[in-house]
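[1] Let me see the structure of the following:
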Amino acid sequence: MRFPISLYVSMVGYLAGNKFRGNERFPLVLMLEPTHRCNLTCSGCGRIREYHDTLSKEMSLEECITAIEEAGTPVVSITGGEPLLYSKVPELVRETLARGKHIYFCTNGMLLEESLKLFKPDSHFTWNVHFDGTEPVHDAIIGRPGGFQKALAGVKAAKRAGFRVSTNTTVFRESSVEDLHSLFEQLAQAGVDGILAAPGFSYEEVGNDVFLNKSEIVKKFKEISTWGRKFPIISNPLYLEFVAGKRSLKCTPWGNPTRNPMGWKSPCYLITDTHYRTFAELMERTDWEHYASGADPRCAQCMVHCGFEPTIVRQMGLKDTLRMLKWNINV
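    The predicted structure is shown next:
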C-alpha cells in the first residue's frame with residue numbers, strides 16, 4: 001500500500017467528524033517547524049533566507065505540543081530547517097505519536113543514519129527525505145559534494161532498521177525530466193515506500209529564475225504524472241492531473257497551516273504576511289477568500305501540493321474516493 005491503512009482510517013474519521021459538526025474550514029496537515037536552523041544552504045530554499053535573522057530560535061517542546069493540539073490534524077509534518085537539529089526532537093516525536101498522530105518527518109538526510117538510534121519504527125511514523133535529482137544535480141542544488149550519497153545511505157539504513165521511508169522531490173526550471181526518471185529508478189531500487197514530486201514555489205527571497213511558471217509546470221508534469229505504474233509515486237493522482245493541466249483547482253490556503261518559532265504563519269506555508277499567537281487567531285483573522293481566489297499576485301504561478309491537495313480532499317466525491325482507495329492498494 002502507498003499509505004498505511006491506519007492513516008486512511010484516521011483521515012476519514014477526521015473528515016467525517018468535521019462534516020458532522022458543520023465545519024467549513026479546517027486543516028488537514030500541520031506543518032510544524034520547530035526550528036529553521038539548517039546544515040545546508042540549498043539554492044531553492046525560501047526558509048533560510050526569509051528567517052535568516054531568527055535561525056537560532058526554536059520552539060519549546062510545550063509550544064510544539066500546544067500547536068499539535070490546537071490544530072487537531074491527524075497528520076503532523078515535522079519540518080524546518082533541518083528538524084534533526086531541534087534540541088528536543090526525540091521527545092517531540094514520542095509526544096506526537098502518543099497523541100495518535102501520523103508523522104512525516106522531513107529531513108535532508110545528512111544526519112539521518114546516525115540519528116536512527118534515537119527513534120523506533122512505528123506504523124504512524126515515516127521519514128520523508130529530500131532529493132532534488134540524481135547525484136550531480138542534487139549535490140549542486142544543496143551545495144554539498146557527497147550529499148546525495150549521504151542521504152541515500154540514510155534511506156537504506158532506515159529501511160534496514162524497519163522504518164517507513166518516503167522521499168520528496170522539488171521540480172525546478174532546470175530539472176530534467178530524464179534526470180528525475182533516473183532518480184526515481186534509484187529511489188525505487190533503494191526500497192522507498194513512496195515518492196513525492198511537486199513544483200517549487202517562487203519565493204521572493206530566492207528570485208524567480210529557478211522556479212517554473214504554470215505552463216512550464218504542466219509541460220514537465222504531463223510526463224511525470226504517467227509514472228505511477230513504474231514507481232511508488234504517492235503524490236495524489238488527482239493532484240497530478242492538476243499539475244499536468246487536466247484538472248482545474250482552487251487553493252485551500254488553510255489546509256496545511258504552519259507553526260514555527262515566530263508563531264502561526266499567515267496566510268500559508270509558502271507566503272508570510274504575518275504571524276499569529278494562536279491557531280484560532282490565524283483562522284479568524286486571515287482573509288482566506290483573498291488567497292483562495294488566487295487574487296494575490298504571489299499566487300499567480302503557484303501549483304504547489306500543500307495548497308491544492310487539500311482542495312481535492314475537501315471536494316472528493318464517491319467516484320474519486322473509490323479511485324483513491326484503488327490507487328492506494330495497487331502499487
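
[2] pLDDT below threshold where in the stretch 101-250 of the chain?
    202-210 (pLDDT under 70).

[3] ok, which stretches of it are helices?
    112-115, 135-142, 147-160, 177-189, 214-224, 237-243 (DSSP state H, counting those that start in this stretch).

[4] Most tightly packed of those helices?
    helix 237-243 (a mean of 21; mean count of other C-beta atoms under 10 Å). To be clear about C-beta, it is placed using only N, CA and C from the backbone, and glycine gets the same treatment.

[5] next helix or strand past that helix?
    strand 258-260 (DSSP states H and E).

[6] So which elements touch whichever helix or strand comes after that next one?
    Beyond strand 258-260 on the C-terminal side, the first helix or strand identified by DSSP H and E is strand 263-267. In terms of contacts (3 or more C-beta pairs under 8 Å, 6 or more residues apart in numbering; DSSP states H and E), strand 263-267 is packed against strand 258-260, strand 272-276, helix 279-285.

[7] nearest to residue 20, of these?
    helix 279-285 (18.9 Å; C-beta to C-beta).

[8] how far does the closest one sit from the chain's center?
    22 Å (C-alpha atoms, centre = their mean, to the nearest Å).

[9] Name the residues that touch it?
    With contacts defined as C-beta atoms under 8 Å, 6 or more residues apart in numbering, helix 279-285 is touched by 25, 67, 70-71, 254, 257, 259, 264, 266, 276.

[10] and if you look at stretch 13-22?
    Taking C-beta under 8 Å, 6+ apart as the rule, stretch 13-22 contacts 26, 28, 73-74, 313.

[11] Also stretch 141-148?
    With C-beta under 8 Å, 6+ apart as the test, stretch 141-148 has contacts from 40-44, 108-110, 131-135, 138-139, 172.

[12] ok, of those, which come out buried?
    Applying 16 or more other C-beta atoms under 10 Å to the contacts of stretch 141-148, the neighbour count classes 40, 42-44, 108-110, 131-135, 138-139, 172 as buried.

[13] Now the two most distant members of the residues you listed.
    110 and 172 (20.1 Å).

[14] my read: residue 328 touches residue 2, true?
    Yes - the criterion here is C-beta atoms under 8 Å, and residue 328 meets it with residue 2 at 5.0 Å.

[15] and those two? which has more neighbours close in?
    residue 2 (20 against 17; other C-beta atoms under 10 Å).

[16] Let me see the contact set for the more buried one.
    193-194, 232-234, 327-328, 331.

[17] Mind picking the two most distant members of these?
    193 and 327, at 14.7 Å, using C-beta to C-beta across the contacts of residue 2.

[18] Quick one: the strands in the chain, in order.
    29-32, 75-78, 102-107, 125-130, 164-171, 194-199, 258-260, 263-267, 272-276 (DSSP state E).

[19] most tightly surrounded among the ones you listed?
    strand 258-260 (a mean of 27).

[20] For the closest residue to residue 218 other than its chain neighbours, give me its contacts.
    Here the nearest residue to residue 218 in space, its sequence neighbours aside, is residue 245; by C-beta to C-beta, 6 or more residues apart in numbering that works out to 3.9 Å. Taking C-beta under 8 Å, 6+ apart, we find residue 245 in contact with 218, 221-222.
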